[in-house]
Structure formats: C-alpha cells, structure tokens
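Enquirer: just need the structure, nothing else, for what follows:
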Amino acid sequence: MRRYYITDRRTCPGSLLDCIGRNARRGCSWIQLREKDLAPRDLLDLARAALARVRPHGTPILVNSRLDVALAAGAHGVHLPAGSPAPCDLRPVVPPGFLIAVSTHTVDEVCRAEREGADLAVFGPVFPTRSKPGQREIPGLGGLRDACSASSLPVAALGGITAERIAACADAGAAGIAGISMFQSSCGSAGSFGEG
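Expert: Residues are numbered from 1 along each chain as shown. Purely as a prediction, here's the structure:
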C-alpha cells in the first residue's frame, strides 16, 4: 500500500519539517503540504524546505491547491480540492511529469478525475473522522470499492484510516492510504514550522 501523508503543522506534535523527513525516510509515497492558512511566501518557504528534506529519499511533494507556489518552489505536483480547475486545463502550464492529485468523494468524481487527466484520486471519507465530525455522507468501504472498480486511477483511501483498517482498504482495491494523524502521531516534541 502506498502512503500519502497530508501535513497539518497545527496538530503536528513536533517539528513539521522533521516529521516530513521522517515520513520520507520511512518510504512515504507522496507528501501533500496542506497548510491552507499560510501566506503564499511562507508556503513557498515551507515547500522549498520540505523539498530539501525529502531530496535524499525521492519522495514527491505536492502543494495543496496553490499551483503557483508548487511551480515556484519546484515541487513535484499539486493537490486539487473539489471545485478546482480540471487537471487537463493545467497540463499546458506544468512541466512534464508534474503530478496532479484530486480530492474525490463519489464514484462519479473519481471517474471525472480520470477523464480529466489526474494522476491520483484521494477518496473519502471512508470512515468517520474527527477532523470532520459532522460529515453527512460517508462513502465507506463499499463506496471505496466501487470507486476503485470504476477507474484505473490509483485511489488513496482517506478518512479515519488507522493501522487496523489498512488491510480492509487494500481489499477494497485502494492503491494507498492517505491521512494526517497516522503519519504525525510519532513525530517528535519541539515546535512546528510557521508558529512561534
């Protein structure tokens, strides 16, 4: 199972850059910088610092929603939230091999992401999650299974993923698992990037 670490410096128990480096060393497949509240320049600084941390391990860094920052930093890709431009509309302005991941919540959205040229679909929430306790619709493992069956895109399962649930996600056809807490729970104890 491939692993997609989504950062959150506000809940990271230690240095976010150290956590990024640790997850890269552990063989994480992708790391998404999801620091939505950072100013563009601060996000750019974080992206450049993260790229330096993962360089020895070759882990791709994707920047959440900010294509401009991803390109300026030389990141490996961008993660597009719901309502973003289609991946095919971005291809003319990104370098060859640039990764485009897309947030999806339904089978139709996964199929659309594939038609529009995404490289990866992050699908969920598969299980209830603390970060979105009021979520009305939970696609669940059945929804994940349907999404994986309907598309040839690699699908990473998101939402409430724990070590005990990874096998069930794999059985449903997921190519990987995505999340925040499972990747940050064992990361250090000193201050986080961008705070202080």
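
Enquirer: ok, which stretches of the protein are strands?
Expert: Assigned by DSSP state E, the chain shows strands spanning 2-6, 30-33, 61-64, 77-80, 99-104, 120-123, 155-158, 176-179.

Enquirer: for the longest one, which outside residues touch it?
Expert: Meaning strand 99-104. Counting by CB atoms under 8 Å, 6 or more residues apart in numbering, the neighbours of strand 99-104 from elsewhere in the structure are 4, 30, 32, 60, 62, 76-82, 84, 87, 90, 94, 109-110, 113, 116-123, 147. All C-beta spots, glycine's among them, are computed from the backbone N, C-alpha and C.

Enquirer: buried members of those into PyMOL, please.
Expert: Paste this into PyMOL to select the buried members of the contacts of strand 99-104, with burial taken from 16 or more other CB atoms under 10 Å:
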select buried, resi 4+30+32+60+62+76+77+78+79+80+84+87+90+94+109+110+113+116+118+119+120+121+122+123+147
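
Enquirer: what helices or strands is the longest helix along the chain leaning on?
Expert: For the chain, the longest helix by residue count, based on DSSP state H, is helix 40-54. Using 3 or more CB pairs under 8 Å, 6 or more residues apart in numbering; DSSP states H and E as the contact criterion, the neighbours of helix 40-54 among helices and strands are helix 16-25, strand 30-33, strand 61-64, helix 67-73.

Enquirer: paired strands for the second one, with orientation please.
Expert: Strands that pair with strand 30-33, judged by DSSP bridges, come out as strand 2-6 (parallel), strand 61-64 (parallel).

Enquirer: so which of the ones you listed is the most packed in?
Expert: strand 61-64 (a mean of 24; mean count of other CB atoms under 10 Å).

Enquirer: give me the contacts around that strand.
Expert: With CB under 8 Å, 6+ apart as the test, strand 61-64 has contacts from 6, 30-36, 43, 47, 50-51, 54, 69-70, 73, 75-79, 81, 99, 101.

Enquirer: what's the mean pLDDT across it?
Expert: This predicted structure assigns strand 61-64 an average pLDDT of 98.

Enquirer: next: stretch 13-26.
Expert: Summarised as a single mean, pLDDT over stretch 13-26 is 96.

Enquirer: equivalent analysis for stretch 39-47, please.
Expert: The average pLDDT within stretch 39-47 is 98.

Enquirer: burial count for A47?
Expert: Using other CB atoms under 10 Å as the criterion, A47 is surrounded by 23 other residues.

Enquirer: can you tell me the closest non-neighbouring residue to it?
Expert: Excluding its sequence neighbours, the residue lying closest to A47 (CB to CB, 6 or more residues apart in numbering) is A73, at 3.6 Å.
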